[in-house]
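Q: sequence first, predicted coordinates after that:
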Amino acid sequence: MSRLELLTPEGLRVDGRRPNELRKIIAKTSVLAQADGSAYIEQGNTKVLAAVYGPQEVRHRMQILHDRAIINVEFNVAPFSTSERKKRSKNDKYDNGIKLQTSQFPRSQIDIYLQVLQHDGGTLQACINAATMALIDAGIPMIDYVCASTAGCIDKQPVLDLNYLEESSDSPELTVAILPRTGKVNLMSMESRLHVDMLESVASLATEGCEQIHTILDAVVRDTTQHLKDSLMQ
Amino acid sequence: MDVQILSPEAPSKSNSHKNQNAMDVDGGDVQLVMPGETITSDLQFMRGHGTYLDSESTVISSVAGVVERVNKLISVRALKARYTGEIGDIVVGRITEVAPKRWKVNVNGRQDAILMLSAISLPGGIQRRKNEEDELQMRKFFAEGDMVAAEVQAFFVDGAIGLHTRGHQFSKLRNGSLVVVPSALVQRCKSHFHLLPCGVHLVLGLNGYIWVSKPVIGNPESTDEADIERTYSNKNDIIDDAERESIARVCNCLRALARKFMHINDTIIIYTYEASLKYPVKDLLKKDVVDSITSEASHKLTME
Amino acid sequence: MPYLSQAERDYITEGVQSDLRADGRGRLDYRALVLETGIISQANGSARVRLGDGTDVLVGVKVEIDQVEPDADNVGKVVCNVECSPSASQQFEGHGADDLNNELTQALQRVLGGPQCGINFEKLCIIKGQQCWIVYIDAMILDYSGNVLDTIFMATKAALFNTRIPKTQIQDLGDGEFEFEVLDDVEDAERLDGIENIPIGVTLNKIGTGHIIDASPLEELCTEAKLTIAVNKDSQICGIQKGAEGGIEPGLMSEMIQTAKRIGQSLIQQLDQKLQDEEQQVDEKRLNGENIEKLGFFAMV
């Protein structure tokens, strides 16, 4: 197989983006009726739906924590989400670094359900961003937004927000989540090899991406809140 | 049979500015904040709900919502959130569990509320301590699934809401159905029990649970044998078709108001009900009818 | 398990009796549907249907090439799968939806897996005795407000209408050897043969002595027995499934089947009309070189 050219001599990527360019992000909150909070996000062709229930009575009494809420995350991938259909196992649970003020809700439970509807790279970051918005939509207090972004490295050039093609061609990929107000890093995860000299520039590119994402998400949430407020104060 | 099969509609962007102007006329200056946003660095303020202090004593919001100032206390109210009670609130809840000497009640809060056996009134308004016999037949008062109107009496140390149902207006609910709306929509009023001109009885729970029913006749305080039976009865009175239609109409009006995220109180409900009368009840589920009756009602409200 | 008080249960049952349900509908009134096709770009066909203020079903159809079954070497097949997401209801969390997923998958598979669904399975065979198309139908329940199975049937019919199967070119290499090529051209892709005959399901819930269609979640809790009947456009019955614990009297049973036939046929007509209208609009836009934008989750709720 011929190696795909991921970066043209002009420095453009397979989908025509510049190295430091994010894919198009569109998002919306309150998309579902049953859940306390919900959000839908598209980052390029990666599409994720998040639903939040709670804080509410703990369902399994053994799990009650007397000083804070328990958080339960369930992650599921739709069978038609990739180009090859496959049925995957549910319950790939992972901690997604969400920063909640859980001490305000002793003895209760918050559930976050993530549903990947289309997968084109950067699922973790899209899940974190969607979960953040769904939590805000549910009115659950948070220290700050948690904004996540990925960055990788192609031909020694740091690139932002890898798509599936770039992800699957052995490029290292680093996911970073930050709290934009303080800039504190909340999550950093990488499952591939990257030269340590490159790490700093890749991480700072990812952080830059997080900040851009914060601006986008904030605009969406602000708009929705404004809309709700207007209807209420009519 | 006709079914409406529609195409999705793009959300409208235009009206947000228009409303903002209307706001200015009222003189209300409402500040919106997002999580992580600084509200003030002024040291004289105290932080309330929906905020936290960082190390430099800056008050920062932890939710997306409106800033509320009461004297020196700053809090942020999220517009969509679970119910957090206040003492004296009237709520509607559903019994989820019968436990020793207490019931657990779902009131759309962050944990179930508690109704102690000692906090209910006995049939016939008899005043006495509850005894072992009462404890053994707790399901005769309230069983799992039963709906109840109650008042928030106190908070337990772990933050759970404590309820009581003493007093003639609190009771087991029957003769109708429940409508669930976001709790922020129900406004605090002098009374949360209303008998509408159309003959429908409403309990506007501040937790967003609204009980719509045919009024229960008889006085639960009375010692009449039949009335005693009735206090904790599970049986509905006979509801005729006209009454049933009125109840369904009020329910659909409430759903319409909730869909438009509008404040809910007895006045707006009556206006919406009046506006709805030109449509058959089932048409109130349709989007265009919802738009029309709610805007007519809100117009009437501003005309006052 | 969500609870319901005895008084609420009686109120709903009495409402069905007097043909005035809790939300003002009559026994045979359907809630409004919102339908959109072609919203999943990775699938060969897709549709999303939102019923009333809640039930939300997303169906993706993918076609893949596989070996034919040894005992049926000249046909392709349809494989159905239904998944309930916990975003729809907390009861679906963890393994909570397993039984329901199974029940819904089976209900769909029984109707669409055989010749009664009207699809020409022979046309799905590419080379006899060797390769065929397999049509995978994946339905996801994202939000819940009752009457899930009927919504799945409608979304599936819409998604199959939206599905295009790539054309194949077969080369005869002689000696009974064949080779084929899948043509990339999107314009050349074909709709499934027999799509117009695909049935939909009509579920009748027996509450008290009456029966209703398009039950709400509370009405489902009061249901003694239910009957799902798959009907096609010629009002032929393509499948019957009885559900819930209660029994149905034989007389009522035939009455329910007649009702389902009538409702089903009318539903199919309106659904087909809508699908054709939607496709025509998309085609027109494409001809005019306009951008075809799918609203998906950005539509108004």
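A: Yes, it's here. Values in this document were obtained by computation on a predicted structure and should not be read as measured data.
Q: need the strands for the stretch 1-150 of chain C, in chain order.
A: C:33-37, C:45-51, C:55-67, C:77-84, C:125-127, C:131-143 (DSSP state E, counting those that start in this stretch).
Q: among those, which comes closest to A:K47?
A: strand C:55-67 (10.7 Å; CB to CB). For glycine as for every other residue, the C-beta is placed from the backbone atoms N, C-alpha and C.
Q: show me which positions of the host helix or strand of C:L267 end up buried.
A: Element membership of C:L267, judged by DSSP states H and E, is helix C:250-287. Residues of helix C:250-287 classed as buried: C:252-253, C:256-257, C:259-261, C:263-268, C:270-272, C:274-275, C:278, C:282 (neighbour count, 16 or more other CB atoms under 10 Å in any protein chain shown).
Q: and if you look at stretch B:293-302?
A: B:293-294, B:296-298, B:300-301.
Q: can you check stretch A:12-26 too?
A: In stretch A:12-26, counting by 16+ other CB under 10 Å, buried: A:13, A:17, A:19, A:21-23, A:25.
Q: equivalent analysis for stretch C:124-144, please.
A: Under the neighbour-count criterion of 16+ other CB under 10 Å, stretch C:124-144 has C:124-127, C:131-144 buried.
Q: that stretch vs chain A: in contact?
A: Yes. Interface with chain A: stretch C:124-144 contributes C:136, C:138, C:140, C:142-144 (CB under 8 Å from any CB of the partner chain).
Q: number of residues surrounding C:L58?
A: 30 (other CB atoms under 10 Å in any protein chain shown).
Q: pretty sure it is touching C:I137, no?
A: No. Between C:L58 and C:I137 there is no contact under CB atoms under 8 Å: 11.7 Å.
Q: in the chain, which segments are predicted with low confidence?
A: If you meant another chain, say so; for now it's chain A. Applying pLDDT under 70 to chain A flags the ranges A:1-4, A:85-103, A:234.
Q: meant chain C, my bad for not saying
A: Those would be C:1, if you go by pLDDT under 70 across chain C.
Q: which non-adjacent residue is nearest the residue in chain A positioned nearest to chain B?
A: Of all residues in chain A, A:G139 sits closest to chain B, at 2.7 Å by CB to the nearest CB. Distances taken as CB to CB, 6 or more residues apart in numbering or on different chains put B:A81 closest to A:G139, at 2.7 Å, once the chain neighbours are dropped.
Q: next one: C:A97
A: Closest to C:A97 by CB to CB, 6+ apart is C:C84, at 4.0 Å.
Q: tell me the contacts of that neighbour?
A: Counting by CB atoms under 8 Å, 6 or more residues apart in numbering or on different chains, C:C84 makes contact with C:92, C:97, C:100-101, C:104, C:140-141, C:144, C:148.
Q: of the buried residues of helix C:250-287, list those near chain B.
A: Answer for the buried residues of helix C:250-287 near chain B (CB under 8 Å from any CB): C:263, C:266-267, C:270-271, C:274, C:278.
Q: show the contacting residues for C:R27.
A: Counted by CB under 8 Å, 6+ apart, C:R27 has contacts C:16, C:19, C:21, C:210-213.
Q: can you rerun that using 10 Å?
A: Listed by CB atoms under 10 Å, 6 or more residues apart in numbering or on different chains, the contact partners of C:R27 are C:15-21, C:204-205, C:207, C:210-214, C:259.
Q: ok, now B:Q127?
A: For B:Q127, the contacting residues are B:121, B:166, by CB under 10 Å, 6+ apart.
Q: in the chain, which spans are helices?
A: Just going to use chain A. For chain A, the helices defined by DSSP state H cover A:123-137, A:164-167, A:196-233.
Q: chain C is the one I meant
A: Using DSSP H, helices in chain C cover C:6-17, C:98-112, C:148-162, C:217-221, C:250-287.
Q: so which of these comes closest to B:Q153?
A: B:Q153 sits nearest to helix C:6-17 of all these, at 24.6 Å, using CB to CB.
Q: I'd like to know how many residues surround A:T182.
A: Applying other CB under 10 Å, I find that A:T182 has 11 neighbouring residues.
Q: now it: closest residue in space that isn't a chain neighbour?
A: A:D144 (7.3 Å).
Q: how far away is that neighbour from B:P35?
A: 6 Å (CB to CB, to the nearest Å).
Q: what do these two both touch?
A: A:99, A:132, A:179-181, B:52, B:60-62.
Q: looking at those residues, spot the one nearest C:A88.
A: Among the shared contacts of A:D144 and B:P35, and counting by CB to CB, the member closest to C:A88 is A:T132, at 21.3 Å.
Q: I'd say that closest one and A:V221 touch.
A: Yes. In this structure, A:T132 is within contact of A:V221 by CB atoms under 10 Å, at 9.1 Å.
Q: same for the one helix or strand B:V92 maps to, what does it pack against?
A: Element membership for B:V92, per DSSP H and E: strand B:90-99. The contact analysis (3 or more CB pairs under 10 Å, 6 or more residues apart in numbering or on different chains; DSSP states H and E) places strand B:90-99 against strand B:102-106, strand B:113-116, helix B:138-141, strand B:147-155, strand B:161-164, strand B:176-180, strand B:201-204, strand B:209-213.
Q: which one, of the ones you listed, ends up nearest to chain A?
A: strand B:102-106 (7.5 Å).
Q: sorry, back to before: overlap in contacts, C:L58 and C:I137.
A: Listed as contacting both C:L58 and C:I137 by CB under 10 Å, 6+ apart are A:80, C:155, C:159.
Q: now those in JSON lines, with neighbour count?
A: Output for the shared contacts of C:L58 and C:I137, formatted as JSON lines (neighbours: other CB atoms under 10 Å in any protein chain shown):
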{"residue": "A:F80", "neighbour count": "29"}
{"residue": "C:A155", "neighbour count": "31"}
{"residue": "C:A159", "neighbour count": "29"}
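Q: I'd like to know which of those is nearest to C:N120.
A: Nearest member of the shared contacts of C:L58 and C:I137 to C:N120, counting by CB to CB, is C:A159, at 17.9 Å.
Q: show me where chain A has strands.
A: With DSSP state E as the criterion, chain A has strands at A:25-29, A:37-43, A:46-57, A:70-77, A:108-118, A:147-154, A:157-160, A:173-179, A:184-190.
Q: now do the last one against helix A:196-233, angle only.
A: For the pair strand A:184-190 and helix A:196-233, the angle between their directions (axes from the mean of the first three to the mean of the last three CA atoms, to 10 degrees) equals 120 degrees.
Q: which strands or helices does strand A:184-190 pack on?
A: helix A:123-137, strand A:147-154, strand A:173-179, helix A:196-233.
Q: before we move on, what about the longest one?
A: With contacts defined as 3+ CB pairs under 10 Å, 6+ apart, strand A:46-57 has these neighbours: strand A:25-29, strand A:37-43, strand A:70-77, strand A:108-118, helix A:123-137, strand B:102-106, strand C:131-143.
Q: one more time with 7 Å
A: strand A:37-43, strand A:108-118, helix A:123-137 (3 or more CB pairs under 7 Å, 6 or more residues apart in numbering or on different chains; DSSP states H and E).
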